[in-house]
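Colleague: Need coordinates for the below:
(one chain, ligands or ions: 1)
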Amino acid sequence: MNRRDFFGAGAAMGLGMALNSSTNFAAAQTTAETDRRAEAKLRISSQLGPAPGKNDAEKLANMKKYGCEAVEYHGGCVGKGKEHKEMANDAGLEVSVICWGSCNGDLCSDVVEKRQPGIDALKRALETAAEMEARGVIYVPAFNGQTKLTNQEIRKLLLEFMPEVAKFAASMNTAVIFEPLCRMEAFFLRQVADGASLCRDIQRIAGTSDDNPGITVMGDFYHMDTEEANDMGAFICAGKKYLKHVHLAGGVSNPRRTFPGENDRNYVDGFRGLKYIGYTDFCSFECGCAGKDKEEAFKKTIAFLREQWEKA
Ligand code: MG
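Modeller: Presented below is the predicted three-dimensional model:
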C-alpha cells in the first residue's frame, strides 16, 4: 500500500464513521477514488476589515503586496458591482465572494410577507456577484432571534424557495453559499456537513449541474472550532462540488477570533481536508487582530498559514 492508498483508506474510514453502515462501502470507494490533492491550492483572500491600510485603496494594495489573490466585499457593494470589480482589478485582485448575511432573517421569517422581498434582495446580490465574477454570495438563513420558525420548518422552507434561486444563480455562473455558524450565533445550520446535505437536497429539486449546483456551503474556522469534531471530515463531507469558500479566523480561545497564529487554533487538519478534495476556491480572512502592528500581523499570519498548508 503506497502513501496515497493509505491516506485514501484512512480518510474513507473517517468519513465512513459519520455515515450509516449500509453506505460505508460506497463511501469508502468514492472517497478513495476522489483523492485530488495534486490539484489543491491555498488561495488567500481577505475582507477589507482585517487588511492593514488607512483606506480601501491602501488595504487592497497591501492585500496584493502580501500575497492575497482576491478581496471579499460586504453587502454594501450590491448594485455597485462595476466600480467594486474595477477597484479590485486595479489592485491586481479578483473578487472572491460577497459576504451578504441573513437580510435580518427575512427569507426564513415567521412573518410570511417578509419572505419574498428577502428572496428578491438575495437575487440582486447574486446579480452583483455575477457582474464581479465572484464565486457567490454568503447567506445565513437566520441568526438567533431572527425567526420564530423551528429548525424543521426552516429546512422545509429552504427546500421550497431555494431551488429556484439556485437555478437563477447557476444561470449566471455564481452561487448561493450557506454559512454554518456556531450555536452562540445561530440555532439553524451549524455544521458544514449539514449545509452540504441541504445543498444536495436543493440541487436534486433544482436539477442544476454538478459543475455548478448554484447552491453551495462554506466553512469558517472560528465557528468550526465550536461545532465540528473534525475539520478534515467536515470539508470532505462537503467535497469539491459543494464547498465554495472558507473563512480564516482564530478559534474560541483567547485572543478569540483574531488572525490565525495569534491563538492556539490549528489549521493542519482542515487544510488536509481541503487538499484531499482538490480545493481551489478562496480562503478569506474574517477576523480581528490582536497584534499592535496590523501590517506586521497580516504578514505573519499569511506566512503561518502557508506553513500550516505545507504541513497538511
Ligand atoms: Mg464567517
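
Colleague: The strand or helix carrying residue 202 vs the ion: in contact?
Modeller: For residue 202, the element it lies in under DSSP states H and E is helix 192-206. No. Helix 192-206 lies out of reach of the ion by Cβ under 5 Å from the ion, never closer than 12.0 Å. Where you see a C-beta, it was placed from the backbone N, CA and C, and this is true even at glycine.

Colleague: Am I right that residue 239 is in a helix?
Modeller: Yes. Residue 239: assigned to a helix according to DSSP: H, G, I helix; E, B strand; the rest coil.

Colleague: So the residue nearest to it when sequence neighbours are not counted versus residue 102, what's the distance?
Modeller: Closest residue in space to residue 239, ignoring its immediate chain neighbours: residue 277 at 5.3 Å, by Cβ to Cβ, 6 or more residues apart in numbering. Distance from residue 277 to residue 102, counting by Cβ to Cβ, to the nearest Å: 27 Å.

Colleague: Please spell out which residues along the helix holding residue 202 are buried.
Modeller: 192-203, 206 (16 or more other Cβ atoms under 10 Å).

Colleague: Contact partners for residue 179?
Modeller: Going by Cβ atoms under 8 Å, 6 or more residues apart in numbering, residue 179 touches 138, 139, 140, 189, 195, 217, 218, 220, 223, 247.

Colleague: what's the first one sitting at in phi/psi?
Modeller: Here is the backbone geometry of residue 138 (degrees, to the nearest 10): phi -70, psi 130.

Colleague: can you pull up the bridge partners for it?
Modeller: Under the criterion DSSP bridges, residue 138 forms beta bridges with residue 99, residue 177.

Colleague: That one contacts residue 102, correct?
Modeller: No. Taking contacts as Cβ atoms under 8 Å, residue 138 lies outside contact range of residue 102: 9.9 Å.

Colleague: The two: which is more packed in?
Modeller: Per other Cβ atoms under 10 Å, whichever of residue 138 and residue 102 has more neighbours is residue 138, with 29 against 20.

Colleague: Which element, helix or strand, includes residue 187?
Modeller: Residue-wise, residue 187 maps onto no helix or strand under DSSP H and E.

Colleague: Let's see the pLDDT reported for the spatially closest residue to it that is not a sequence neighbour.
Modeller: Spatial nearest neighbour of residue 187, chain neighbours left out: residue 144 (6.0 Å); criterion: Cβ to Cβ, 6+ apart. Looking at residue 144, its pLDDT is 98.

Colleague: How about residue 35?
Modeller: pLDDT, residue 35: 81.

Colleague: Give me the three-state assignment for it.
Modeller: coil.

Colleague: Hmm, residue 276 and it touching each other?
Modeller: Yes. Residue 35 is within contact range of residue 276, at 6.2 Å (criterion: Cβ under 8 Å).

Colleague: All the helices of this protein, residue numbers only.
Modeller: Assigned by DSSP state H, the chain shows helices spanning 3-17, 21-33, 56-65, 81-90, 115-131, 151-171, 192-206, 221-227, 231-242, 268-276, 294-311.

Colleague: Please tabulate those helices in a markdown table and include distance to residue 43 as additional columns.
Modeller: A markdown table is the format used below for the helices of the chain (distance: least, Cβ to Cβ, whole Å):
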| stretch | distance to residue 43 |
| --- | --- |
| helix 3-17 | 22 |
| helix 21-33 | 24 |
| helix 56-65 | 12 |
| helix 81-90 | 14 |
| helix 115-131 | 17 |
| helix 151-171 | 21 |
| helix 192-206 | 19 |
| helix 221-227 | 16 |
| helix 231-242 | 14 |
| helix 268-276 | 10 |
| helix 294-311 | 11 |
